[in-house]
Structures are given as structure tokens and as C-alpha cells.
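what follows is a protein structure lacking sequence information:
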């Protein structure tokens, strides 16, 4: 495999690290004009206020003492130190006491256990978009052998637009709106409308989620939506799902079960930049051009049982049955073209039908060890990062006696290790999957093993350097061989290569390298914001066609912002500059929700 490096066309070239260092220095200089926030200042202030209001003192050695009481301090969305009008609290019901208490894994009269308290805090923080902060503090009780537990929470604004969007590489990719009452009547139930606009389609519908039906441990969520073509108004399809389950709600939970179903119909379109991809087929000195698109109809039903062992080192076993049906066909009539051209088009652009009934077994192993961090994916708020090893393996067997006519064996494994070295976080991950299907009909496959997918990832997150910034770096490699669904991997301004057009390159192999310097948050009237400088590189290429890798590179700077009263995810604005020519003003801007990686 040959590698062609694209470098700046100048007589006096400097290595990329030179430009990266200049951007970092400029960013640090600019940051000195603003007041920085010490780690966790926002949460520390709220916890301190709760201690003052309740006239309680921290208990330094609570382990093993009897819990004589649990005290809740629930702050509304807008507090006394927030810059927003208190009138907003009239339109929000603060999360009710019983909703918080039912998530606590400890009770009055029990002995205080720090690991159980921390797990309770993680469970509360994991409640989707309910709290901006959660602190559980041990405070002095009425006697030396007694302890009180103070639970401090602050609600997020629950009537939310829940916008997600991506404008990358000079191309509008999508925007979605999920107007939601995220905490319906303070009961931790979500009722949502849904609308998504992409380059061709408008999708709209509704979602409803109940994490604890009638206070039980059974959860339910359902959704239904329709897809309409934005330009001609035609109905293109829809999607929906229904899931009922009893999850493993704590590390000591033993059993779980789930029943789920979904359907998804529509038109799959492939783009490169702002235009739809075109497939050209030559036949008898004439060229036939087709848009790369096809109709699809997907349905699935799954039921599974789970059993869990261990507490620190967890091993979960799952057994179940799933039925799936994936059908594909041409989006337009092929009657007007010669039969050999139609056959060639179907072969390279339309996946064959894939229907199966299968039984499966899955084993999941992980270490329940967590590190509380800040300023990685969000700003100023506590993030629970799981450390140690993790491994998920699954084997599935499809047979005609289980439904449909497929006879196959599918194997998959996803594993990794996250290591905390001092305050440096290193992640190494590997995943592989394949399917043995003698009657798959895949042309060009050298064995019965198809759908062979490999991913390798290295990620490193430094501690806060000079108390100013972190450096996050990632190397990600993906490989797909003999994909029955004809899947490809894309890379561009919308997914890992800022400064280039969306889906700039695509293929069955992809390499992506990202280095990003992220400043600590700076606070202005509780607005958390910061700066970033980044280096992106990589390519996607068609390995089986003899395509070679082109090492595309870019440098850039960005802005991150977060209002902790309203969200936990940051909004980012990035400006990327390709190295080696090809600069385009319209491709340089990426405006999106959540961190780039």
C-alpha cells in the first residue's frame, strides 16, 4: 500500500507541529483576558450553599456509621446566583422527592457505604437531562456513630428544544429538533415531538419514555415518525419502535429482561459534499448515470434475558432470540435501460435481501471502577469515566427452523482497556465481527466469512496542563470487507476531517487522526466557554479496488460553549484550514453539537 502525503506547496515548508504550536500559543494568550474557573466551581458553590442552608457539617469519616436520615436539597433551574429571570421556574416542576429517593441505593437505618453512595450519584447523573449537578455528602449526625446523608441536586431546564445539528465542510448535513418535556410534572418521564431536516427529507413524529412504570423497575419507551420528501411532498417512509424492559439498575442487580421491536422504511441516499453521488456504468460505448440511492424496509423483533454476577468485576450473560428482515430495491424504474446495465447498477449499489431468525448468547465483562473527571466532554460538570477492562462477545446462529431461510453463524467482540496513569487517561479499543454464511451469494468473497469489520482505536486525554488546558488525541482505523449491505466509511468536514467538504472521501478503509487542545472553562454569568486548537488528518479509500491512501491534513481553532442550567453537552464552532492546497472558504466552518471526539 502506498501512502501519498499532501504537503503545502511552498518553498520553505515547516512541519505541522510548528503551526499547531503557534495556534496553541495564540489561544493561551487570548484566554488570559478572561477569568478562569477552578475545577468544579459551579458544583462546589451549590454544595456549599446547601450545607449553609441546612446548618450541617461534613463528616470526614462516615464509613460504617448508621444512616439516621437522608436530607434532600433540590435547587430549581434558576437559582439566586444565575443570571436568568426567576420567572422561568414557574414553567418547570422541580424533580420530586420521591423520584430522587427511589434512585438511591441506600436507606435510613443501614450502614454508610461509600461505594453505594457513589453508585447512587452516578445513577442520578445518568438520568437523561434531568440534573445539571448531583452531589451526595456525608454530614455529621446526632451522635458519633450516626451520620446524615445530604443529597444536593440542581435541575436542568426540562422544557427543551433538544437541538442537534451539523454544518460541516461548507455543507448543511442535518438539523433535528426534539421539543421535550424532559421531566414531565417532575416525574422523570419524557414526552417529545420530533422533527429532523436533512438535505432531502423531513422526518417528524413523537416519543414517550417512562423509566419506571408505576414506580416499578420496568421501563418503557415508544416512538413513531413519518418521512416526507422536502421538495415534492411525497411520503418516503417512517420509523418506530417499542421497548419494554427491566434493566440492571445497580451493580448488585442480578436479573434483567427486554422485549423490543422496530421498523424503519425510507430511501438511502449517498452524498459527497453538497451533491448526491452519481454512479456511472459504461455499456456499448454509452455511459449511463444513476444517483446512488435505494429504497429500504427494515423490521426486527428481539427478546432477551440477562443474569449478572460480581460487584467490582462484573460479568453479565444474555440469551435471546431475534428476527430481522432487511429488504432493498431500486428507488427508480430501470425499465428504460438495457438489462445488463440494470443488473450492473443493482450489483454495485443495491444490497441484497437479508432476513434471518436467530438465537444468540452474549457475555459482557467490565470492571466497575470509576473516576470522576471534568472538562472532557462537557464543561465544569462531573463526568463519570469508567476505568479498567471491558469486553462484549456475542455468538448468533440463524436457521430456517427459527424463521426465514438463512443458515449462518455470526461472531462479534468489542473490547478495550481504559487506564488512569496519574491524571492521564489512556484508552485502547478493538472490535471485530464476521458472519459465516455459505449461501450468501457474495461475489468476490474468498471464503464463506462475510461482513468482516475491524476497528482499532487509541485515545489519550492528558490532565490539565499548567492548569489551563488538556490535550486530547485519537487514532482510529476502520476496515470493512465483503459487506452484504454494501456499507462504506466516509470521512470529511462532518466526521473527523474539519476544513474539508462533508464526506470528502469514502471507502472500505479509513484512518483518522485527531489532536485537540481544549482550554478549561471560562465563566461569564454562569456561561461556560472555552477555546480549542486542533489538528485533523486521515483518509478513506477503496482497498479492494487498489486505491491508495491520501494523507489529508488540516489545522484549526474553535470555540466551545455551555449553559449548565439548560444542557450538559457543548456547542462547538470550528474553523479548519486544509494543508497542501484545496482551501475553500465554504468548507472551513463546522458548527455542531457535542465535542468532535
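Looks like it came in fine. Remember, it's a predicted structure, so these values are computed and weren't measured experimentally. Numbers count the residues shown, from 1 in each chain.

on the three-state scheme, residue 43 is what?
Secondary structure state of residue 43, per DSSP: H, G, I helix; E, B strand; the rest coil, is helix.

then residue 567?
coil.

count of neighbours near the nearest residue to it once chain neighbours are set aside?
Using Cβ to Cβ, 6 or more residues apart in numbering and skipping residues adjacent in sequence, the residue nearest residue 567 is residue 156, 7.0 Å away. Where you see a C-beta, it was placed from the backbone N, CA and C, and this is true even at glycine. With neighbours defined by other Cβ atoms under 10 Å, the count for residue 156 comes to 23.

any figure for the gap between residue 156 and residue 380?
When Cβ to Cβ, to the nearest Å is applied, the distance between residue 156 and residue 380 equals 14 Å.

follow-up on the earlier one: now do the residue nearest to residue 567 against residue 375, distance only.
Here the criterion is Cβ to Cβ. By it, residue 156 lies 19 Å from residue 375.

and residue 568, by the same measure?
Using Cβ to Cβ, we find residue 568 at a distance of 12 Å from residue 375.

now swap in residue 145 and tell me
In this structure, residue 145 lies at 39 Å from residue 375, with Cβ to Cβ as the measure.

neighbour count: these two, which is higher?
Residue environment comparison for residue 145 versus residue 375 gives the larger neighbour count to residue 375, 23 against 11, counting by other Cβ under 10 Å.

and the more buried one, helix, strand or coil?
Using three-state DSSP, the three-state assignment for residue 375 comes out as coil.

so what's it up against?
By Cβ atoms under 8 Å, 6 or more residues apart in numbering, residue 375 lies in contact with 39, 464, 470, 518, 520, 521.

what residues are up against the fourth one?
Contact criterion Cβ under 8 Å, 6+ apart gives 375, 469, 470, 471, 472, 530, 532, 560, 595 as the residues in contact with residue 518.

who does it form a beta bridge with?
residue 470, residue 532 (DSSP bridges).

need the pLDDT of it.
Residue 518 is assigned 93 on the pLDDT scale.

so residue 294 is in contact with residue 353, correct?
No. Distance between residue 294 and residue 353: 12.0 Å, which falls outside the contact criterion (Cβ atoms under 8 Å).

any shared contact partners between these two?
residue 328.

more neighbours, these two?
Neighbours around residue 294 and residue 353, counted as other Cβ under 10 Å, are more numerous at residue 294. The numbers are 20 against 13.

nearest residue to the more buried one other than its sequence neighbours?
In space, residue 294 comes closest to residue 350 once its chain neighbours are excluded; the distance is 4.6 Å by Cβ to Cβ, 6+ apart.

who's in contact with the one you found?
Residue 350 is in contact with 294, 328, 329, 330, 486, counting by Cβ under 8 Å, 6+ apart.

now do residue 574
With contact taken as Cβ under 8 Å, 6+ apart, residue 574 is in contact with 498, 532, 534, 556, 557, 558, 589, 590, 591, 592, 596.

please repeat the previous calculation with a cut-off of 6 Å.
498, 556, 558, 590 (Cβ atoms under 6 Å, 6 or more residues apart in numbering).

include distance to residue 220, neighbour count and secondary structure when you put these into a markdown table, please.
Putting the contacts of residue 574 into a markdown table (distance: Cβ to Cβ, whole Å; neighbours: other Cβ atoms under 10 Å; DSSP: H, G, I helix; E, B strand; the rest coil) gives the following:
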| residue | distance to residue 220 | neighbour count | secondary structure |
| --- | --- | --- | --- |
| 498 | 40 | 30 | coil |
| 556 | 44 | 22 | strand |
| 558 | 39 | 23 | strand |
| 590 | 37 | 29 | strand |
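
pLDDT and distance to residue 276 added to those, as CSV?
Formatted as CSV, the entries for those read as follows, by pLDDT from 0 to 100; distance: Cβ to Cβ, whole Å:
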residue, pLDDT, distance to residue 276
498, 90, 23
556, 94, 27
558, 94, 29
590, 81, 21
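
closest to residue 164 out of those residues?
For the contacts of residue 574, the closest approach to residue 164 (Cβ to Cβ) belongs to residue 590, at 13.9 Å.

is that closest one in contact with residue 497, as I believe?
No. With contacts counted by Cβ atoms under 6 Å, residue 590 stays clear of residue 497, the gap being 9.8 Å.

so which residues of the stretch 201-350 of the chain form strands?
Counting by DSSP state E, counting those that start in this stretch, the stretch 201-350 of the chain has strands at residues 201-210, 219-229, 235-246, 255-269, 271-272, 275-276, 278-283, 286-291, 293-309, 313-330.

adding distance to residue 171 and mean pLDDT, write those out as JSON lines.
As requested, those are exported to JSON lines (distance: least, Cβ to Cβ, whole Å; pLDDT from 0 to 100):
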{"stretch": "strand 201-210", "distance to residue 171": "16", "mean pLDDT": "93"}
{"stretch": "strand 219-229", "distance to residue 171": "19", "mean pLDDT": "95"}
{"stretch": "strand 235-246", "distance to residue 171": "21", "mean pLDDT": "96"}
{"stretch": "strand 255-269", "distance to residue 171": "13", "mean pLDDT": "96"}
{"stretch": "strand 271-272", "distance to residue 171": "8", "mean pLDDT": "81"}
{"stretch": "strand 275-276", "distance to residue 171": "9", "mean pLDDT": "84"}
{"stretch": "strand 278-283", "distance to residue 171": "17", "mean pLDDT": "89"}
{"stretch": "strand 286-291", "distance to residue 171": "17", "mean pLDDT": "89"}
{"stretch": "strand 293-309", "distance to residue 171": "17", "mean pLDDT": "96"}
{"stretch": "strand 313-330", "distance to residue 171": "26", "mean pLDDT": "95"}
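
pick the most deeply packed of those strands.
Looking across these with neighbours counted as mean count of other Cβ atoms under 10 Å, the highest average goes to strand 271-272: a mean of 20.

from the chain's centre, how far out does that one sit?
For strand 271-272, the distance from its own C-alpha centre to the chain's C-alpha centre is 23 Å (Cα atoms, centre = their mean, to the nearest Å).

neighbouring contacts of it?
The contact list for strand 271-272, computed with Cβ under 6 Å, 6+ apart, reads residue 503.

list the contacts of residue 351.
Applying Cβ under 6 Å, 6+ apart, we find residue 351 in contact with 328, 485, 486.

that's a strand at it, yeah?
No. Counting by three-state DSSP, residue 351 is located in no strand; its state is coil.

pLDDT wise, what is it at?
91.

quickly note the distance from it to residue 297.
Counting by Cβ to Cβ, the gap from residue 351 to residue 297 is 12 Å.

give me the low-pLDDT residue ranges for this structure?
Filtered on pLDDT under 70, the chain yields the residue ranges 1-40, 128-129, 160-162, 168-170, 444-445, 565-566, 581-586.

could you pull out the helices for it?
In the chain, helices defined by DSSP state H lie at 16-31, 41-54, 97-101, 114-126, 339-349, listed in chain order.

how far does the shortest one sit from the chain's center?
Spelled out, it's helix 97-101. Centroid separation between helix 97-101 and its chain, computed with Cα atoms, centre = their mean, is 28 Å.

gap between the two ends of stretch 115-135?
Using Cα to Cα, to the nearest Å, the end-to-end distance of stretch 115-135 comes to 14 Å.

how far off centre is it?
On the basis of Cα atoms, centre = their mean, the separation between the geometric centre of stretch 115-135 and that of its chain is 19 Å.

so for that stretch, what gets flagged as buried?
By neighbour count, and taking 16 or more other Cβ atoms under 10 Å as the criterion, the buried residues in stretch 115-135 are 116-117, 119-122, 124-125, 127, 129-135.

ok so, going back, from the contacts of residue 351, which is closest to residue 538?
Proximity to residue 538 was ranked across the contacts of residue 351 by Cβ to Cβ; first place goes to residue 486, at 22.1 Å.

what about the closest one, how many neighbours?
16.

please name the nearest non-neighbouring residue to it.
Across the structure, with Cβ to Cβ, 6+ apart as the measure, the residue nearest residue 486 apart from its sequence neighbours is residue 351 (4.8 Å).
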